[in-house]
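# take a look and give me a structure for this.
(one chain, ligands or ions: 1)
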Amino acid sequence: MKYYSTNAQAPMATLEKAVVKGLAEDKGLYMPERIVALPQEFYDNIQDMSFQEIAFQVAQAFFGEDIPADDLKQIVYDTLSFDVPAVRVEDRIYSLELFHGPTLAFKDVGARFMARLLGYFNRQSSPLPTSPRGGAESTVNVLVATSGDTGSAVANGFLGVPGIHVYVLYPKGKVSPIQECQFTTLGQNITAIEVDGVFDDCQALVKSAFMDEELNQHMRLTSANSINVARFLPQSFYYFYAYAQLKKLGLADKVVACVPSGNFGNICSALFGKKMGLPIHRFIAANNANDIFYQYLQTGQYEPKASQQTIANAMDVGDPSNFARIYDLYGKDHKAICKDIAGATYSDSQIADTMRQCLADTGYQLDPHGACGYRALKEGLKDDEVGFFLETAHPAKFKQVVDDICHTDVEIPARLQAFMEGTKQSVPMSRVFADFKQYLLGR
Ligand SMILES: *Cc1c(COP(=O)(O)O)cnc(C)c1O
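Numbers count the residues shown, from 1 in each chain. Down below sits the predicted model:
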């Protein structure tokens, strides 16, 4: 399968190139040239298949031409070592809990899949011919800048994968202690770099590194950005499995999927699922106060803004990158987009009210991101529909906010606790590129 750029000014890429490069030369996002519909038989039997079995079928439709079935199966099964249950919250409303992975957030699946796919390509390819050294030169070095959540998902996703070393750059003193220990205590092939600056400085260092010729001659560099096809496409597995679970309950006639959205990668993967024949009736994109997509649905105008800080901070995005993919997928047709996707936007106080109300009415503890999804679904669901919203993070990841709002003492799961007991190790770094380059050249 070849991949084209949404900007249409770059050459088609192989899967390997799309994964290693992340972004096309024309700064567009890669799209698969074909979307293969799955056979009716698959949908007829989906309710009796496991998460892994379903995901393997979906993965074959995307990656089957490029990865031998046995290898792809291994990648899928290794990635999905945890469950994604659809939990009933109230009549006709289900929470698809995406937080049972290693870092308790939905980005785990994409990060783990990408790590294993890169590991596979790395095993297939030969060392850099220009490298002066023997042996270790085939290592792929993943650079990732994080303001918190992405770093933990990527670091844990790539942990222990042979042939890959991850450098997580994060702003000193600007990530929560729970987040920090999820990528500074791992050791092995993960190096945390504590940058004396803000998130934008971390991102600038990573960008400069990718553009530096000397550095790229010295070592293989790649990014684990969320727009990477290997990170975003596997998220479609969630929607097939959610549908399967509702179908098993006899509730799959008119299914609505409601997705708390920031960069729109998650919902975009679901829209790919629909194009593959997944019978989801319609979608709702739930936003916090960053309402760019919501406004687009109302007006047909896409007007990016500076992002606003909210209590659902993983959705604080003022220019969602994957809008370009959605726009392309629907042939730039505003009407067609509005037919499949409705929107919603909530202020912090509405999010807080929703968390309290849902807890009081149903006993279900939402996190601030899931709260946007729950509310948009509850407000938007019609009488003949059944819906699920994505609970994208465990409430304990946002313990302070959740406890303040709900007057609770949310229990920290053992997995998260374990990170906090590890020893923090990081490399102090200035925000000057020459320092970072020197450090990498010395590795
Ligand atoms: C990343 C993230 C989102 C937003 O997902 P997108 O794919 O960027 O739309 C929502 N909730 C949580 C907890 C996240 O980490």
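# in space, what's closest to the residue most central in space within the chain - neighbours in sequence excluded?
The chain has residue 107 as the residue nearest its centroid, 3.8 Å off, counting by CA atoms, centre = their mean. Computed as CB to CB, 6 or more residues apart in numbering, the closest residue to residue 107 that is not its neighbour in sequence is residue 153, at 3.7 Å. All C-beta spots, glycine's among them, are computed from the backbone N, C-alpha and C.
# if we can go back for a sec, residue contacts, the residue nearest to the centre of the chain?
By CB atoms under 8 Å, 6 or more residues apart in numbering, residue 107 lies in contact with 149-150, 153-154, 226, 231.
# tell me which residues in the top helix by length along the chain are buried?
In the chain, taking DSSP state H as the definition, the longest helix is helix 107-124. For helix 107-124, burial by neighbour count (16 or more other CB atoms under 10 Å) applies to 107-122.
# among these, find the lowest-pLDDT one for me.
By pLDDT, residue 122 ranks lowest within those, coming in at 87.
# which ones are touching it?
The contact partners of residue 122, by CB under 8 Å, 6+ apart, come to 138, 140, 163-164.
# distance of it from the ligand?
For residue 122, the distance to the ligand (CB to the nearest ligand atom, to the nearest Å) stands at 26 Å.
# do the same with residue 100
Distance, residue 100 to the ligand, using CB to the nearest ligand atom: 13 Å.
# in three-state terms, label residue 244 for me.
Classification of residue 244 by DSSP: H, G, I helix; E, B strand; the rest coil places it in helix.
# is it true that it touches residue 45?
No: counting by CB atoms under 8 Å, residue 244 stays clear of residue 45, with 9.3 Å between them.
# who's more crowded, the two?
Between residue 244 and residue 45, counted using other CB atoms under 10 Å, the more crowded position is residue 244 (22 against 13).
# mind listing what's buried along stretch 328-344?
In stretch 328-344, counting by 16+ other CB under 10 Å, buried: 328-330, 337, 340-344.
# just stretch 354-371 next, same as before
Those would be 354-355, 358-359, 362, 364-371, for stretch 354-371 by 16+ other CB under 10 Å.
# can these go into a markdown table with extra columns for secondary structure and pLDDT?
Listed next are these as a markdown table, based on DSSP: H, G, I helix; E, B strand; the rest coil; pLDDT from 0 to 100:
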| residue | secondary structure | pLDDT |
| --- | --- | --- |
| 354 | helix | 98 |
| 355 | helix | 98 |
| 358 | helix | 98 |
| 359 | helix | 98 |
| 362 | helix | 98 |
| 364 | coil | 98 |
| 365 | coil | 98 |
| 366 | coil | 98 |
| 367 | coil | 97 |
| 368 | helix | 97 |
| 369 | helix | 97 |
| 370 | helix | 98 |
| 371 | helix | 98 |
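# what secondary structure does residue 53 sit in?
Reduced to three states by three-state DSSP, residue 53 is helix.
# alpha carbons only: can I get the longest strand seen in the chain in PDB?
Criterion DSSP state E: the longest strand present in the chain is strand 164-171. The C-alpha trace of strand 164-171 is given here as PDB (Å, rounded to 0.1, in the frame of the first residue of the first chain):
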ATOM      1  CA  ILE A 164      15.200   1.300  19.300                       C
ATOM      2  CA  HIS A 165      16.300   4.000  21.700                       C
ATOM      3  CA  VAL A 166      13.800   6.700  22.900                       C
ATOM      4  CA  TYR A 167      14.700  10.200  24.000                       C
ATOM      5  CA  VAL A 168      11.900  12.000  25.800                       C
ATOM      6  CA  LEU A 169      12.300  15.700  26.000                       C
ATOM      7  CA  TYR A 170      10.200  17.400  28.700                       C
ATOM      8  CA  PRO A 171      10.100  20.900  30.200                       C
END
